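Asker: need a 3D model of the sequence below.
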Amino acid sequence: MSASTEARAAIAEAVVGRERELTLVLAAVAAGRDVLLEGPPGTSKSTMLRAITEHWGVPFVLVEGNAELTPARLVGHHNPARVLAEDYSAENFVPGPLVEAMRTGGFLYIEELNRAPEDTLNVLLGALAERAVTVPRVGTLRAESTFRVLASMNPFDNVGTARISDSVYDRWNRLAVGYQSAAEETDIVARRTGSTDATLNADGVALTRATRTHPELRRGSSVRGAIDLVAIALELAKITPDADHTQVVLDAALLALSARVGVDEASDATPEQVITEIWENHFFSAPGGQRRVRTA
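Answerer: Prediction:
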């Protein structure tokens, strides 16, 4: 495997934008290194990694970091029924995602790394440093050469998360990933929804992006909100063909975005009120308070 120009071009076909980030991730994993992608959700982190594994033909093993990701769940466990019948043996060991990725030479991708328990991260350190893990009554399992450990974390969400220790950080190559441009997000929406309505796509992206900078919101929506907004608006337009475009967008926005935004604790506003304000600013911000006319 190599981070050749041809390989990068082939992988880039599955990713919208992210040229610099894709180049850096591809260079790191081709060099045999592990990568921590730090950024908000919905920023194409897993898409980049899936595209690389598909091009290389190696498995992509996804695991969600949370309080239930114990060392046994990460590494694997002995089948209790077979242990009772046969005692412990290598044959009744059920591999977890870490061992599965090591055996198959795949990418182990841990979403929300900073939600995993500390003892689980400590188990992971051995795999990162030695490319091997020792399982009681099984022995030492060594990884195939294409095995990589990759992870993501959202630095803006501290609910249910823990501080990552310096020893864990020291094992990773960290890449900060931000939101994509409006044009790239509009392209993503069009691809994911199949929508050819350029005006609707642009409206959906504009409203979604506005949630990220609104002063009363501590958390805005990722591009997934725009994808759902446009998909819902397309169906609403079919069900109520005589409905006004702006009203269709408002209804879709309230449905798609209200659970994806977080209102600041100091604000008395509801998510619906903030989304409605964003909608009003978007559609009625022309000089003199006139409605913005739809051009497509």
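Asker: Provide the secondary structure category for Arg260.
Answerer: coil (DSSP: H, G, I helix; E, B strand; the rest coil).
Asker: what about the stretch 1-150 of the chain, any weak spots by pLDDT?
Answerer: 1-4, 14, 78-91 (pLDDT under 70).
Asker: tell me where it has strands.
Answerer: 35-38, 60-64, 76-78, 93-95, 107-111, 132-135, 139-142, 148-153 (DSSP state E, counting those that start in this stretch).
Asker: mind putting those strands into a markdown table with distance to Arg260?
Answerer: Heads up, the C-betas are built off the backbone N, CA and C, glycines and all. Shown next, in a markdown table, are the strands of the stretch 1-150 of the chain (distance: least, C-beta to C-beta, whole Å):
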| stretch | distance to Arg260 |
| --- | --- |
| strand 35-38 | 20 |
| strand 60-64 | 18 |
| strand 76-78 | 35 |
| strand 93-95 | 35 |
| strand 107-111 | 17 |
| strand 132-135 | 37 |
| strand 139-142 | 40 |
| strand 148-153 | 18 |
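Asker: turn the ones you listed into JSON lines, including mean neighbour count.
Answerer: As requested, the strands of the stretch 1-150 of the chain are exported to JSON lines (neighbours: other C-beta atoms under 10 Å):
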{"stretch": "strand 35-38", "mean neighbour count": "22"}
{"stretch": "strand 60-64", "mean neighbour count": "17"}
{"stretch": "strand 76-78", "mean neighbour count": "19"}
{"stretch": "strand 93-95", "mean neighbour count": "17"}
{"stretch": "strand 107-111", "mean neighbour count": "24"}
{"stretch": "strand 132-135", "mean neighbour count": "16"}
{"stretch": "strand 139-142", "mean neighbour count": "13"}
{"stretch": "strand 148-153", "mean neighbour count": "25"}
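Asker: looking at these, which is nearest to Asp170?
Answerer: Closest of the strands of the stretch 1-150 of the chain to Asp170 is strand 35-38, at 11.0 Å (criterion: C-beta to C-beta).
Asker: on the three-state scheme, Ile188 is what?
Answerer: Secondary structure state of Ile188, per three-state DSSP, is helix.
Asker: what sits against the nearest residue to it once chain neighbours are set aside?
Answerer: Excluding the flanking residues, the one nearest Ile188 by C-beta to C-beta, 6 or more residues apart in numbering is Val16, at 5.0 Å. By C-beta atoms under 8 Å, 6 or more residues apart in numbering, the contact list for Val16 reads Ser44, Gln180, Glu184, Asp187, Ile188, Arg191.
Asker: buried ones from the residues you listed, can you make that a ChimeraX selection?
Answerer: The ChimeraX selection below is limited to those of the contacts of Val16 classed as buried (16 or more other C-beta atoms under 10 Å):
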select :44,180,184,187,188
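Asker: among the contacts of Val16, which pair sits farthest apart?
Answerer: Farthest pair in these (C-beta to C-beta) is Gln180 and Arg191. Separation: 12.6 Å.
Asker: re earlier: export the contacts of Val16 to CSV and tack on distance to Asp228?
Answerer: Output for the contacts of Val16, formatted as CSV (distance: C-beta to C-beta, whole Å):
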residue, distance to Asp228
Ser44, 17
Gln180, 17
Glu184, 18
Asp187, 17
Ile188, 12
Arg191, 14
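Asker: of all the contacts of Val16, which comes closest to Glu111?
Answerer: Ser44 (13.5 Å).
Asker: I'd like the distance between the nearest residue to that closest one once chain neighbours are set aside and Pro271.
Answerer: Leaving aside its chain neighbours, Ser44 sits nearest to Arg18 (5.4 Å; criterion: C-beta to C-beta, 6+ apart). Applying C-beta to C-beta, to the nearest Å, the value for Arg18 to Pro271 is 29 Å.
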